[in-house]
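S.K.: sequence-free structure coming up:
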């Protein structure tokens, strides 16, 4: 049986030959139809912050992820606590060091500048009154005071800010000091030659001192005292930011350990316990150390600086009183002041005001003295002042009655004169100042010592605490591997 031959034609399919109608081909179109077939643009890329937040949320859905997040937060809190503690305690320790070694010594130097200038003025007037009988001791005292003032001015200038008010006051005194010395030397020269014009030169020198130099020195003293108060203000406030961070870190560590116990029924995690211990040590050290430092610094101010300021003011008042007492005999009534309807000798009038200030200062210094060693010289100075006022009243009576030489002997004489009382007041005030200066150094030094090592110790312990927290959480994570 024969088969029909195979055809190589294509199999029938849809088309005209198969009898099935076909759709005509549609040519490519431009415009809206074509655009509708274009692929949709890719979505905008998300930010790294959003992607990171998604990863954190995804990680927080698993226990290992939550543990990693807890460990990071604990380490960050402990490190931040240590860093803020180191920063705040460093600032306070630096301010306390300035109180002890910079601002208070400069404040005392400013007071010494005032005292030296005032004492030099007093010594110059005493030497003038002695005339040809001026002693070597009186001359040496004047020269020593001038040298002391010049040396203290150099120190103050080296520690003052350029173009600051303190620097301006120092420059003014430095400019006037040679001028004052020249006037005093002229007064001495004419006085030894017996010319009355010597008294006019001395009064002019005193005017330069009283109206220009001493006000500038007083302004310097006030500004250095303000700097001292500012340093105390920087050294004594509690570091509340560090304390708050320490409490937050301890609370977070306690919560983490409680959570660990709830999930594992294990009481202790060695790493978290170590982190808690280091944070507690730093917080306790911070609070106790700063409390002790604050107590020492406050004590140095209340029982040191306040007493020193009062004693400096009292000593300055005694110097001014002595200078006015001497100048009353130099002027011999040439300078007067009118108060109301009454006219007074200008120098006697100022002497009475200065003695009033001295009396009030000694009374206040006695109240501030917190031990016998501090109050004893003040009480002695009060007794000296009482005798001084009595002798001064006697000398003034002689002067007003025309007995000039007798009055002069009662003021600058070798024995029983007011000069003895002034010297005793000055010596006792110097003793009281030395005692209070030592009290200040001891209290301020104790305050500074209480903060020694705290900044470095806090930083080191914080790093160890953070490492402990990370290791403690790592120990838990290892259980999931």
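M.R.: In hand now; what should we look at? Quick caveat: nothing in here was measured; it's all calculated off a predicted structure.
S.K.: Would you mind measuring from residue 281 to residue 358?
M.R.: 53 Å (Cβ to Cβ, to the nearest Å). Using the backbone N, CA and C atoms, a C-beta is placed for each residue, glycine as well.
S.K.: Name the residue in the two with the higher neighbour count.
M.R.: Between residue 281 and residue 358, counted using other Cβ atoms under 10 Å, the more crowded position is residue 358 (26 against 15).
S.K.: mind checking pLDDT for the residue nearest to the more buried one when sequence neighbours are not counted?
M.R.: Leaving out its chain neighbours, the residue that sits closest to residue 358 by Cβ to Cβ, 6 or more residues apart in numbering is residue 317, at 4.2 Å. Residue 317 is assigned a predicted lDDT (pLDDT) of 92.
S.K.: just residue 389 next, same as before
M.R.: Per-residue pLDDT puts residue 389 at 94.
S.K.: on that earlier part again, please identify which helix or strand holds the residue nearest to residue 358.
M.R.: Using DSSP states H and E, residue 317 maps to helix 306-331.
S.K.: helices or strands up against that helix?
M.R.: Contacts defined by 3 or more Cβ pairs under 8 Å, 6 or more residues apart in numbering; DSSP states H and E place helix 306-331 against helix 104-130, helix 197-208, helix 346-368, helix 372-400, helix 404-412, helix 418-450.
S.K.: can we see that at 10 Å?
M.R.: Packing partners of helix 306-331 (3 or more Cβ pairs under 10 Å, 6 or more residues apart in numbering; DSSP states H and E): helix 104-130, helix 197-208, helix 214-235, strand 342-345, helix 346-368, helix 372-400, helix 404-412, helix 418-450.
S.K.: Residue 95 reaches residue 235, doesn't it?
M.R.: Yes - Residue 95 lies in contact with residue 235 (Cβ atoms under 10 Å); the separation is 3.7 Å.
S.K.: Which of those two has more residues huddled nearby?
M.R.: Between residue 95 and residue 235, counting by other Cβ under 10 Å, residue 235 is the more crowded of the two (26 against 21).
S.K.: pLDDT at the more buried one, what is it?
M.R.: Per-residue pLDDT puts residue 235 at 93.
S.K.: got a list of what it touches?
M.R.: 91-100, 290, 293-294, 297-298, 444, 447-448, 451 (Cβ atoms under 10 Å, 6 or more residues apart in numbering).
S.K.: buried subset of those?
M.R.: 92-93, 95-100, 290, 293-294, 297, 444, 447-448, 451 (16 or more other Cβ atoms under 10 Å).
S.K.: Of these, which is the nearest to residue 159?
M.R.: Residue 159 has its nearest neighbour among the buried ones among the contacts of residue 235 in residue 98, at 10.6 Å by Cβ to Cβ.
S.K.: Quick one: residues contacting the closest one.
M.R.: If you count contacts by Cβ under 10 Å, 6+ apart, residue 98 has them with 104, 106, 227-228, 230-232, 234-235, 448.
S.K.: Distance of residue 376 relative to residue 382?
M.R.: Counting by Cβ to Cβ, the gap from residue 376 to residue 382 is 11 Å.
S.K.: what do the two both touch?
M.R.: Here residue 376 and residue 382 have 366, 428 as joint contacts, going by Cβ under 10 Å, 6+ apart.
S.K.: For the closest residue to residue 440 other than its chain neighbours, give me its contacts.
M.R.: Of all residues beyond its chain neighbours, the one nearest residue 440 is residue 304 (2.8 Å), with distances taken as Cβ to Cβ, 6+ apart. Shown in contact with residue 304 (Cβ under 10 Å, 6+ apart): 104, 297, 368, 370, 435-444.
S.K.: mean confidence for the helix ranked longest in the chain?
M.R.: Assignment by DSSP state H gives helix 63-98 as the longest helix of the chain. Helix 63-98 shows a mean pLDDT of 90 in the predicted model.
S.K.: What are the buried residues along it?
M.R.: Buried residues in helix 63-98, counted by 16+ other Cβ under 10 Å: 65, 67-68, 70-71, 74-75, 77-90, 92-93, 95-98.
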